[in-house]
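1. Dropping the sequence and predicted coords here.
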Number of protein chains: 2
Amino acid sequence: MPKSVAERSDVLPALGECFREHGYEGASLALIGEATGLGKGSLYHFFPGGKEEMASAVLAEIDAWFEQYVFAPLRETERPDDGIAAMFDAVETYFRSGRRVCLVGAFALGETRDRFARRVRAYFTRWIDALRTALIRAGRDPACAAALSEEVVAGIQGAIVLARALGDPKAFARAAERLRRAALST
Amino acid sequence: MPKSVAERSDVLPALGECFREHGYEGASLALIGEATGLGKGSLYHFFPGGKEEMASAVLAEIDAWFEQYVFAPLRETERPDDGIAAMFDAVETYFRSGRRVCLVGAFALGETRDRFARRVRAYFTRWIDALRTALIRAGRDPACAAALSEEVVAGIQGAIVLARALGDPKAFARAAERLRRAALST
DNA sequence: TACATAGTTTACCGATCGGTACACACTCCC
DNA sequence: GGGAGTGTGTACCGATCGGTAAACTATGTA
């Protein structure tokens, strides 16, 4: 009966959703086991460090995803506006119009922030820096680009909060559209 | 030795800070007792419904505070720009430049949202409606006022997330200043 | 076939969880 | 002074928490 799961990385998505839905404290090992289909033994086999290592692995996976589909395009796409547009497309899909929470943002708001402070901070600084770079490449002056990049990233986080609070994904879509226009209007 | 606390409402501020710092799940009765200086006996005397009633009471107090210092001025101040300016002043003080979390926003992001869905939604709809009313009174056309009011409220929530994630209260101040100018520029 | 390794199941640990019960202390009012 | 009512401290409840230990089973290799 064993050998049902091949790789540790196979359970990261389910693990991520579990943390997203219940938060770090709320995601008990029982819930995690239910979400991943793994018993405690297997979980501690893959993540000897327990919950903390699980959450850390999830954060690393999120980081890698955003690096590939958001940050890198922002920095490297030939036409910066293409990178910015790709960022908004990726973000709207990823957060499912606010139905899906940003785990890093949720960690930042809660007590979990201190535990993963470095990772949380790095995620946001890299996002803002990548966007700022793209805006500068698109012809904005550095001061404006710095302000606008912060505005956009914060705006997306706020849109998630608002959409969830109102129970209205359209609120996220409206905010994303506004921010997209603000970022793309030369 | 008893009779050290006179009113149930006296412990609401400490209760609120405890929920803000640890979240609903993370705020154990032990932590709550420590924060309020009350034993379980007293806590359950004031809040027979347990943690849920405590959190509900805190949300009600927050609601009342915002109604008095934010929503009402937005709706009723003679010159709407004065109400808007008062809102930003109140918000920056209340959230201590992002050092203090918005409990309603934090609840909206977490699993706690469902438990207090009505209250959470009401808080944000009332805020947005009051701001929209003020913006219309200030001469904006209704569509622009609706969009801008959502942008400002979401922007404030996002600014809190960002400031906490970066560990930089100035990030909140910058965002608040940007939003203030956007809301006040006729 | 024999053995090491990877993965799983199960039982169990002490600590803590939210919540209850109740005796007790203080204050107020008669 | 003596209840009545309002708080308070403490012991306790079953459930669940995160985590550990070890017996066990499948698989790959020789």
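-> Thanks, I have it. Numbering: from 1, shown residues only, chains lettered A, B, ... in the order given.

2. need the longest helix for chain A.
-> helix A:142-166 (DSSP state H).

3. Now do that one: which elements does it pack against?
-> When contacts are defined as 3 or more Cβ pairs under 8 Å, 6 or more residues apart in numbering or on different chains; DSSP states H and E, helix A:142-166 packs onto helix A:117-137, helix A:169-184, helix B:103-109, helix B:117-137, helix B:142-166, helix B:169-184. Quick note: C-beta positions are derived from backbone N, CA and C, even for glycine.

4. Pick the most buried one from the ones you listed.
-> helix B:103-109 (a mean of 26; mean count of other Cβ atoms under 10 Å in any protein chain shown).

5. Quick check: which helices or strands does that one pack against?
-> For helix B:103-109, the packing partners by 3+ Cβ pairs under 8 Å, 6+ apart are helix A:103-109, helix A:142-166, helix B:12-26, helix B:51-66, helix B:117-137.

6. Sticking with the closest residue to DNA strand C within chain A, tell me its helix or strand.
-> Closest contact between chain A and DNA strand C, by Cβ to the nearest atom of the strand, is at A:Gly41 (1.8 Å). Using DSSP states H and E, A:Gly41 falls within helix A:40-46.

7. can you pull the contacts of the closest residue to DNA strand D within chain A?
-> When scored by Cβ to the nearest atom of the strand, chain A has A:Gly50 as its residue closest to DNA strand D, at 2.6 Å. By Cβ atoms under 8 Å, 6 or more residues apart in numbering or on different chains, the contact set of A:Gly50 is A:Tyr44.

8. Just give the nearest non-adjacent residue to the residue in chain A positioned nearest to chain B, would you?
-> Closest approach between chain A and chain B, counting by Cβ to the nearest Cβ: A:Gly158, at 2.8 Å. Leaving aside its chain neighbours, A:Gly158 sits nearest to B:Gly158 (2.8 Å; criterion: Cβ to Cβ, 6 or more residues apart in numbering or on different chains).

9. pLDDT wise, what is that neighbour at?
-> pLDDT for B:Gly158: 98.

10. Then A:Asp10?
-> A:Asp10 is given a pLDDT of 91.

11. same question, A:Met1
-> 41.

12. With A:Leu162 instead?
-> In this model, A:Leu162 carries a pLDDT of 98.

13. Hmm, A:Ala130 is touching A:Pro80, no?
-> No. A:Ala130 lies out of contact with A:Pro80 (Cβ atoms under 8 Å); the separation is 10.6 Å.

14. How about the residue nearest to the spatial centre of chain A, nearest residue that isn't a chain neighbour?
-> Residue closest to the mean C-alpha point of chain A, counted by Cα atoms, centre = their mean, is A:Cys102 at 4.7 Å. Spatial nearest neighbour of A:Cys102, chain neighbours left out: A:Ile160 (5.6 Å); criterion: Cβ to Cβ, 6+ apart.

15. residues in contact with that neighbour?
-> A:Phe95, A:Gly98, A:Val101, A:Cys102, A:Gly105, A:Phe172, B:Leu109.

16. mind redoing it with 7 Å?
-> Contacts for A:Ile160 (Cβ atoms under 7 Å, 6 or more residues apart in numbering or on different chains) come out as A:Phe95, A:Gly98, A:Val101, A:Cys102, A:Gly105, A:Phe172.

17. got those residues as TSV, with distance to A:Arg118 columns?
-> Listed next are the contacts of A:Ile160 as TSV, based on distance: Cβ to Cβ, whole Å:
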residue	distance to A:Arg118
A:Phe95	23
A:Gly98	27
A:Val101	21
A:Cys102	17
A:Gly105	16
A:Phe172	28
